[in-house]
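Asks: below are the sequence and a predicted model for it; my questions follow.
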Amino acid sequence: MRRSRGLDPRVREALAGAPGERLLAWGELVDGSVVVCTDQAIRFPIGRRVAWDLVVRGAWSEEFLDLVVQSEPGAATEQVRLRFAEPAHVPAVVRERVEWTVVGSHPASLVHPDGRSGSATLNARRSPATGEVRWAVVFDAGIDPQDPGWREAADAALAVLREQLGV
């Protein structure tokens, strides 16, 4: 990664250990720390790095950027609120990068082996590091994702969708 000598030292520090990542934008939080966006991930205080395909959602309002992130594929989500003094292009880059990772999102009707019906959303996300597509199931409220019957129904719906899409 090329780094300009004039780059803010806080940004240089945030990019330490990020060989091959290209800086896209950075902004300053009200506490003076920085948020850095690269082509691969978003980095925010406390050395936290989240790959774009693990940013479930992001929303900008006033001086806040609210993110819903995962630590790894399939992990529980966590909400992160970042309050900016100067966001620069960070909100636009977050939107563009998250949208880039979304390959598809499809609603699915599910039938549990015991006959109950429910629904879920089948999401395909692209890894910014490898380009590999990862599928995830987001169950609607009231469905226990730990129930093997619902997992079986979701896996069947995912298999049908992948066959239809040829992936």
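Replies: Sure, I can see it.
Asks: identify the residues contacting the residue nearest to the spatial centre of the chain.
Replies: Ranked by distance to the mean C-alpha position of the chain (CA atoms, centre = their mean), the top residue is residue 55 at 1.7 Å. Residues touching residue 55, when contacts are defined by CB atoms under 8 Å, 6 or more residues apart in numbering, comprise 42, 67-69, 94, 97-98, 101. Using the backbone N, CA and C atoms, a C-beta is placed for each residue, glycine as well.
Asks: got the domain ranges for the chain?
Replies: 9-100, 102-165 (automatic domain parsing).
Asks: from the contacts of residue 55, pick the one nearest residue 159.
Replies: residue 101 (22.4 Å; CB to CB).
Asks: mind checking the SS state of the nearest residue to that closest one once chain neighbours are set aside?
Replies: Spatially, and ignoring its direct neighbours in sequence, residue 101 is nearest to residue 53 (4.4 Å; CB to CB, 6 or more residues apart in numbering). Assigned with DSSP: H, G, I helix; E, B strand; the rest coil, residue 53 falls in the helix class.
Asks: tally of neighbours for residue 53?
Replies: Residue 53 has 27 neighbours, counted by other CB atoms under 10 Å.
Asks: could you do residue 74 as well?
Replies: If we define neighbours as other CB under 10 Å, then residue 74 has 10 of them.
Asks: buried ones in the longest helix seen in the chain?
Replies: Scanning the chain for the longest helix, with DSSP state H as the assignment, gives helix 148-165. Under the neighbour-count criterion of 16 or more other CB atoms under 10 Å, helix 148-165 has 149-150, 153-154, 157-158, 161 buried.
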